[in-house]
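Asker: make a model of this:
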Amino acid sequence: MVLDFLSSEAVSNSLEHSLTLVVTRLSITTYRKIKNKEFFKTARAFYPGGFDATMNRREAQLILGVREGANPDVIRAAHRKIMVANHPDAGNTFYLNLC
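Answerer: Numbering: from 1, shown residues only. Sure thing, here's the model as predicted:
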């Protein structure tokens with residue numbers, strides 16, 4: 001009797017049912033978070049803006065996402081990351097060419 005209960009087909013069906021329940025629950029939870037705009041609160045927060053006419057060190061650090069007094073190598077890496085991500089040849093933005 002115990003062997004019948006633990007047959008491979010019964011275990012397979014049980015696992016499939018459990019996986020279906022988990023995926024369904026995750027889908028419903030994600031939908032509710034998106035609907036209530038809670039899902040996007042965990043995304044990386046950006047500086048809300050309000051920059052001066054001339055850029056100072058603080059604004060540059062905010063844009064690059066580095067800490068005050070960061071190593072020059074870290075600053076170069078952050079700058080390169082932003083430039084590669086926004087390069088017009090990559091098809092991402094053309095705004096950098098207008099400046």
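Asker: which residues of the chain fall in helices?
Answerer: Using DSSP state H, the helices found in the chain span residues 2-5, 8-35, 57-64, 72-85, 95-98.
Asker: so for residue 51, which of those sits nearest?
Answerer: helix 57-64 (5.3 Å; C-beta to C-beta). Heads up, the C-betas are built off the backbone N, CA and C, glycines and all.
Asker: burial measure for residue 75, as a count.
Answerer: By the criterion of other C-beta atoms under 10 Å, residue 75 has 15 neighbours.
Asker: likewise the one 10 residues further on?
Answerer: Here the neighbour count serves as a burial measure; for residue 85 (other C-beta under 10 Å) it reads 10.
Asker: and the pLDDT for it?
Answerer: On pLDDT, residue 85 comes in at 78.
Asker: quick check: it vs residue 65, distance?
Answerer: 12 Å (C-beta to C-beta, to the nearest Å).
Asker: possible to save the helices of the chain as a markdown table with distance to residue 51?
Answerer: Shown next, in a markdown table, are the helices of the chain (distance: least, C-beta to C-beta, whole Å):
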| stretch | distance to residue 51 |
| --- | --- |
| helix 2-5 | 68 |
| helix 8-35 | 31 |
| helix 57-64 | 5 |
| helix 72-85 | 15 |
| helix 95-98 | 15 |
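Asker: check these for me: which has the lowest mean pLDDT.
Answerer: When the helices of the chain are ranked by mean pLDDT, helix 2-5 comes last with a mean of 50.
Asker: ok, residue 68 - how many residues close by?
Answerer: Neighbour count of residue 68, defined by other C-beta under 10 Å: 7.
Asker: quick one: residues contacting the closest residue to it other than its chain neighbours.
Answerer: Nearest non-adjacent residue to residue 68, counting by C-beta to C-beta, 6 or more residues apart in numbering: residue 61, 6.0 Å away. Counting by C-beta atoms under 8 Å, 6 or more residues apart in numbering, residue 61 touches 67-68, 70.
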